[in-house]
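**Q** Fold the following.
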Amino acid sequence: MGRDKALLPWPPKDSQGVPPGPRHTFLTAAIQLLEDPTELVIVVAGKNAASLIPLVQTTSAVLVVNPAPERGQFSSLQVGLHEVLNRGRDAAIVTLVDRPPVRSSTLELLVSAFREALSQGKWALVPQFEDKHGHPVIISREMIEAFLKAPATSNAREIEHNNQQHIQYLQVNDSNVPLNVDTPEEYSRLTTE
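**A** Got it, this is the predicted structure:
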């Protein structure tokens, strides 16, 4: 991308076509989305911690720093999940900051469906749009432990595949679910839609 994706402006423009202020980013939009249905929002930072602190401090979120971000995204997931358990929580909603947030109605649907999935012995709920998996993913303590017990060289997809029988997939009508923004061109397409 050439810049920190967490700091990309979101939404790109308001209803009058005006770009957002510097505090309206993918990161702050994700925090705002998660603040209502959760007790705690944890942001995992790496080398970008200094640039994220001012944004996180304007919210109720907590910032933790991955001491070895060079190990990759999975190491950040493990750092965040350790913090979830250290703070006495038994479930987590996991999302990434390289994407616009899903609609609040989508998140409400996912939370409700996760409660039902737990009663059926599932460990995770994964949303999908047009058969493409995405985020946010909601996981129980059992899935958290599966991620934490995995070798550092693993990735989330491997752990998901190894625990397929414990995962429920839910079709949703939200095109942001599978969306990744990895290039300026992909971000530009978002801002023109």
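**Q** Helices along this protein, start to end?
**A** Assigned by DSSP state H, the chain shows helices spanning 26-35, 49-57, 73-86, 104-119, 141-149, 156-162, 184-192.
**Q** which residue packs closest to P69, ignoring adjacent ones?
**A** What sits nearest to P69 in space, not counting adjacent residues and going by CB to CB, 6 or more residues apart in numbering, is G46, at 2.9 Å. No exception for glycine: its C-beta is placed from N, CA and C like everyone else's.
**Q** And for that neighbour, the neighbour number?
**A** G46 has 19 neighbours, counted by other CB atoms under 10 Å.
**Q** what do you get for D98?
**A** There are 19 residues near D98, going by other CB under 10 Å.
**Q** now that we're looking at the nearest residue to it once chain neighbours are set aside, how far away is E145 from it?
**A** Spatial nearest neighbour of D98, chain neighbours left out: K5 (4.2 Å); criterion: CB to CB, 6+ apart. According to CB to CB, to the nearest Å, K5 stands 29 Å off from E145.
**Q** Who has more neighbours out of these two?
**A** K5 (19 against 14).
**Q** Name all residues that make contact with the residue nearest to V97 when sequence neighbours are not counted.
**A** Setting aside the residues directly before and after it, V97 is nearest to A6 in space (CB to CB, 6+ apart), at 4.0 Å. When contacts are counted by CB atoms under 8 Å, 6 or more residues apart in numbering, A6 touches 25-27, 48, 52, 97-98.
**Q** repeat that with 7 Å
**A** By CB atoms under 7 Å, 6 or more residues apart in numbering, the contact list for A6 reads 25-27, 48, 52, 97.
**Q** show me the contacts for the residue nearest in space to the middle of the chain.
**A** The centroid of the chain falls nearest to T95 when counting by CA atoms, centre = their mean (0.8 Å). By CB under 7 Å, 6+ apart, the contact set of T95 is 30, 135-136.
**Q** try it again with 8 Å
**A** 30, 34, 101, 135-137.
**Q** Check pLDDT for these and point me to the minimum.
**A** Lowest pLDDT within those is found at P101 (90).
**Q** burial of it, as a residue count?
**A** 24.
**Q** pretty sure it contacts W10?
**A** Yes: using CB atoms under 8 Å, P101 makes contact with W10 at a distance of 7.5 Å.
**Q** hey, which helix or strand in the protein has the poorest pLDDT?
**A** helix 184-192 (a mean of 78; mean pLDDT, DSSP states H and E).
**Q** List the buried residues for that helix?
**A** For helix 184-192, the neighbour count (16 or more other CB atoms under 10 Å) marks 187, 190 as buried.
**Q** Just list what it packs against, helices and strands only.
**A** Using 3 or more CB pairs under 8 Å, 6 or more residues apart in numbering; DSSP states H and E as the contact criterion, helix 184-192 has no neighbours among helices and strands.
**Q** starting at the chain centroid, how far to that helix?
**A** From the chain centre to the centre of helix 184-192 is a distance of 20 Å (CA atoms, centre = their mean, to the nearest Å).
**Q** Sounds good, over and out.
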